[in-house]
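> Okay, predicted coordinates and the sequence, questions at the end:
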Amino acid sequence: MGLGLKVIHLAVELYKNGHFKDFDSVIDMGDQDLYVGFKELSDELSFIDKGTFEEKFKNTKNFPERPRVSSSILWNILGFKKCSRLDIEKIERDKNDICSEFLKVDLNFPIEKQTKFDKYDLVTDLGNNEHPFNVVESYTTMHKLCNKSGLMLIHQNIFGGNGFYNFDISFFESMAAANNYSILYSCYTIDKKNEYFSFPLSDDLLSTINLNKVRDIGVFYLFKKN
């Protein structure tokens, strides 16, 4: 699993707009990589000192070969001090990998029956929760991991996915309504042969997309837990 350029761009925009201000901890559902090359990532993170960027993200020069850079290094650059991940198995990376804590968890089952866990200011599902068969338990775990007034960041494909499920807008809108989440940000994302762009959640705009010319269509949400 990996964070592509479109997701990284949106996460950076949320950071620049102050959504992560005063937040210290983040956990990714899925042991995530940065699925992007050095040049593209350098352009996206141009606000970072060049020396720091070179040191932290040097493994992206070998993309798509492994070892890749973990998502935790990106979150650390964006201000998070505690950067954790969970998955059913841990990906082996080099000694410079940042991960405050790795939780070995099968998301088909309640997390409290498998491990002790903290709560986090930001919990992400960036192409992970469509893979466990028990999707209800996956999102229940996401809720449990999130602090009160914390954020949940979700990116899921609604076209061209590779998990057990393809979600739609009503799934996430209903989830927010049922759990009293505030929707702070939302959009569609398009991958058109390595060209990425996003636009508002408009069915009229979506209907203009020629599905024969796109790789996938995703939906991106930032929820606040109240």
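Nice, I can see it. Numbers count the residues shown, from 1 in each chain.

> Give me the buried positions along stretch 119-126.
120-126 (16 or more other C-beta atoms under 10 Å). Glycine gets a C-beta too; all of them are placed from N, C-alpha and C.

> any low-confidence regions in the chain?
Applying pLDDT under 70 to the chain flags the ranges 1.

> Just list what the lengthiest strand in it packs against, helices and strands only.
When the chain is parsed with DSSP state E, its longest strand is strand 146-159. Here strand 146-159 touches helix 5-16, strand 120-126, helix 169-179, strand 181-192, strand 216-225, going by 3 or more C-beta pairs under 8 Å, 6 or more residues apart in numbering; DSSP states H and E.

> what's the angle between the last one and helix 169-179?
With axes from the mean of the first three to the mean of the last three C-alpha atoms, to 10 degrees defining the directions, strand 216-225 sits at 10 degrees from helix 169-179.

> How about strand 216-225, which residues are buried there?
216-225.

> What strands flank that strand, and is each parallel or antiparallel?
In its sheet, strand 216-225 lies beside strand 146-159 (antiparallel), strand 181-192 (antiparallel), with partners assigned from DSSP bridges.

> Give me the distance between the residue positioned nearest the centre of the chain and Asp204.
Nearest to the mean C-alpha position of the chain, counting by C-alpha atoms, centre = their mean, stands Leu126 at 3.0 Å. Computed as C-beta to C-beta, to the nearest Å, the Leu126 to Asp204 distance reads 27 Å.

> which one among the buried residues of strand 216-225 gets closest to Ser84?
Lys225 (17.5 Å; C-beta to C-beta).

> Excluding covalently adjacent residues, which one is nearest to the closest one?
Cys146 (4.9 Å; C-beta to C-beta, 6 or more residues apart in numbering).

> wait, doesn't the one you found sit right on Val123?
Yes: taking contacts as C-beta atoms under 8 Å, Cys146 lies within contact range of Val123: 4.7 Å.
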